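Undergrad: Following is a predicted model, sequence given first.
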Amino acid sequence: MTPVLPLIKKQFLTTQYNAPEHFQVYTERQIDKIEALKQMSEEQRFEMKVVANVLPFRVNKYVIDNLINWQNVPDDPIFQLVFPQKGMLSDDDYNQMASVLRSTNDRSVILKNANEIRLRLNPHPAEQQSLNVPYEDDEPIEGIQHKYRETVLFFPGQGQVCHSFCSFCFRWAQFIGDKSLRFSNTEAQKLHHYLAKYKSISDLLITGGDPMVMKTDHLSAYLEPLLRPEFDHVQTIRIGTKSLSFWPQRYVSDEDSSQLLLLLERMVKAGKHVAIMAHFNHWQEMSTPIVHEAVSRLRASGVVIRTQSPLLNHINNDPDVWARMWREQVRLGLVPYYMFVERDTGARRYFEVPLARAWEVYREALKRVSGLGRTARGPSMSAGPGKVEIQGISEINGEQVFVLRFLQARNPDWVQRPFFARFDPEATWLDHLKPAFGEEKFFFQDEYDAMRTKQVSPRVYE
Ligand SMILES: *Cc1c(COP(=O)(O)O)cnc(C)c1O
């Protein structure tokens, strides 16, 4: 069937994509079936299996065939992004799982050991489950997180997987089959009820997993009701997705691609700001003709594409990589939005970089692009109290300090106030930092501690 593309201007069509492409995916049980991996040794494949039995693994054929330079494996950044590496587990954890796999095929034994190790990897950072899930009538509303006054996160039930998994994913615990760890919501009604009730919510951020794994019909059931007058206050709909990287076919040749673009266009024409929050970690992900085609079609539908990524050792710990990525994004009409610090969960030991280095990469990259590439804020830590940005390293009264600020906070009043931490060249996360100038605690600490005991909802700041 030839897709119908009434809204796409002819000049955007750089290539013809007529037939839907078959989506083929591999998980940890199929590692030996991946043709490209046959160039690696038995030992290397075993290492991957060990890690893939603890951390989620899933990769699709488009990524394998188009985004990875197999001449450059294992150093290739996209190989690092999707394939498990030995260093992602500590030696002890690695050895535990390796000896289990050498001695048994019994799934229940493997799973028991996997779960033991997983619990040691801080599966729920930043108190996402305990503090962000809103309550109504003493019942948690599953599938929703509401941390910041203006923005509600929604985890649609059908969007709790991705086209491939990122090896550094901070939501890795959602993908290992334990339903109790999962945020999801199959009921659009609950979402709509919540949004209609709180008029200070201006942004809905649909996330996952990846909402773009959903059929357009499902996405439409969540989105179209938002055009009713009781949702006028919800002016922005953001969709967090890695699909432009892992499956650009979603916007080009899938059976419901045109339907999807028409849905987005309808939302835009009705007055909503629709933002695709695209996750790109490296310019290599933006180098295929089909991703350019997908970007053209999305932009023609009237959405804005903003981009974000964590800074990751082994993938993009290099200012040149960021500068090239941001330049390429600006060239394609995308808006760089966030540089994140790798979170304190999962395979962090493999990917984390010191905060001091993160700031250096940010600054060096920013120096190399024009103002239009400097719209990315960061490096930012999504921590319990809020998003904390490292603004710089400075010296004040003879003391070397990190200058910090909240980009976003549980209490909106904390936002943009500069505060200072003692410089620490090894710190990789907010909880490693101590207040500067001999102060005992950061200005927000007491209030944050009180929120943790009292379950303060952002709705108190209406
Ligand atoms: C980052 C984030 C948001 C969005 O914050 P903005 O500053 O509006 O981009 C919303 N909720 C949570 C939990 C977040 O981590």
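TA: Right, received. Where do you want to start?
Undergrad: Which positions in the chain make contact with the ligand?
TA: 145, 147-148, 151, 153, 205, 382, 387, 407-408 (Cβ under 6 Å from any ligand atom). Yep, even glycine has a C-beta here, placed from its N, CA and C like the rest.
Undergrad: And the furthest pair within the residues you listed?
TA: Greatest spatial distance among those (Cβ to Cβ): Gln145 and Leu407, at 17.2 Å.
Undergrad: quick one, which of these two is more surrounded?
TA: Here Gln145 and Leu407 are compared on neighbour count by other Cβ atoms under 10 Å; more neighbours surround Gln145, at 20 against 17.
Undergrad: Run through the residues that contact the more buried one.
TA: 128, 132-134, 152-153, 155, 183 (Cβ atoms under 8 Å, 6 or more residues apart in numbering).
Undergrad: Could you do Ala294 as well?
TA: Applying Cβ under 8 Å, 6+ apart, the residues contacting Ala294 are 244, 248-252.
Undergrad: where does it land in three-state SS?
TA: helix (DSSP: H, G, I helix; E, B strand; the rest coil).
Undergrad: Look up how far Pro77 lies from it.
TA: 20 Å (Cβ to Cβ, to the nearest Å).
Undergrad: cool, Ala98 as well?
TA: On the measure of Cβ to Cβ, Ala98 and Pro77 end up 26 Å apart.
Undergrad: Between the two, tell me which one has more neighbours.
TA: Pro77 (22 against 18).
Undergrad: Show me which helix or strand of this structure is least confident by mean pLDDT.
TA: helix 128-132 (a mean of 79; mean pLDDT, DSSP states H and E).
Undergrad: buried ones in that one?
TA: 128, 131-132 (16 or more other Cβ atoms under 10 Å).
Undergrad: Just name the closest of these to the ligand, please.
TA: Taking Cβ to the nearest ligand atom as the measure, the ligand lies nearest Asn132 of those, at 6.1 Å.
Undergrad: so the closest residue to that closest one other than its chain neighbours bridges to which residues?
TA: Leaving aside its chain neighbours, Asn132 sits nearest to Gln145 (3.9 Å; criterion: Cβ to Cβ, 6 or more residues apart in numbering). With DSSP bridges applied, Gln145 shows beta-bridge pairing to Leu153.
Undergrad: Now for the residue in the stretch 351-462 of the chain positioned nearest to the ligand: which residues touch it?
TA: The ligand sits closest to Gln408 of the stretch 351-462 of the chain, with a gap of 3.9 Å, by Cβ to the nearest ligand atom. Counting by Cβ under 8 Å, 6+ apart, Gln408 touches 148, 386-387, 415.
Undergrad: What are the boundaries of the helices in the stretch 1-150 of the chain?
TA: 42-52, 61-62, 77-82, 91-103, 107-119, 128-132 (DSSP state H, counting those that start in this stretch).
Undergrad: Would you map the helices across the stretch 251-400 of the chain?
TA: Under DSSP H, counting those that start in this stretch, the stretch 251-400 of the chain gives helices at 257-269, 289-300, 319-331, 348-351, 355-367.
Undergrad: Which strands or helices does the first one pack on?
TA: Read that as helix 257-269. On a contact count with 3 or more Cβ pairs under 8 Å, 6 or more residues apart in numbering; DSSP states H and E, helix 257-269 meets helix 216-223, strand 273-279, helix 289-300.
Undergrad: Of all those, which one comes closest to Phe420?
TA: When those are compared (using Cβ to Cβ), the closest one is strand 273-279, at 30.6 Å.
Undergrad: List the buried residues of the closest one.
TA: 274-279.
Undergrad: ok now that strand, how far from the chain's centre?
TA: 12 Å (Cα atoms, centre = their mean, to the nearest Å).
Undergrad: Check stretch 290-299 too.
TA: The answer for stretch 290-299 is 20 Å, by Cα atoms, centre = their mean.
Undergrad: what is the mean pLDDT for it?
TA: Taken as a whole, stretch 290-299 carries a mean pLDDT of 97.
Undergrad: buried set for it?
TA: Result for stretch 290-299 [16+ other Cβ under 10 Å]: buried residues 290-299.
Undergrad: Would you tell me which one of those comes nearest to the ligand?
TA: Nearest to the ligand among those, with distances taken as Cβ to the nearest ligand atom, is Leu298, at 19.5 Å.
Undergrad: Name the nearest residue to Leu264, sequence neighbours excluded.
TA: Closest to Leu264 by Cβ to Cβ, 6+ apart is Ser301, at 4.6 Å.
Undergrad: check contacts around that neighbour.
TA: By Cβ under 8 Å, 6+ apart, the residues touching Ser301 are 7, 261-262, 264-265, 268.
Undergrad: Try it again at 10 Å.
TA: 7-8, 251, 260-269, 274, 276 (Cβ atoms under 10 Å, 6 or more residues apart in numbering).
Undergrad: Kindly provide the distance from the residue most central in space within the chain to Ala427.
TA: When Cα atoms, centre = their mean is applied to the chain, the residue found nearest the centroid is His279 (6.3 Å). Look at His279 and Ala427: by Cβ to Cβ, they are 25 Å apart.
Undergrad: thinking again about what came up before, state the pair within the contacts of Ser301 that is farthest apart.
TA: Tyr251 and Lys269 (17.9 Å).
Undergrad: Same drill for those two, tell me which one is more crowded.
TA: Neighbour totals were compared for Tyr251 and Lys269, and Tyr251 leads with 26 against 11 (other Cβ under 10 Å).
Undergrad: how much space is there between the spatially closest residue to that one that is not a sequence neighbour and His193?
TA: The spatial neighbour of Tyr251 that comes closest, neighbours along the chain excluded (Cβ to Cβ, 6+ apart), is Ala294 at 4.0 Å. Shown here: Ala294 relative to His193, a distance of 34 Å by Cβ to Cβ.
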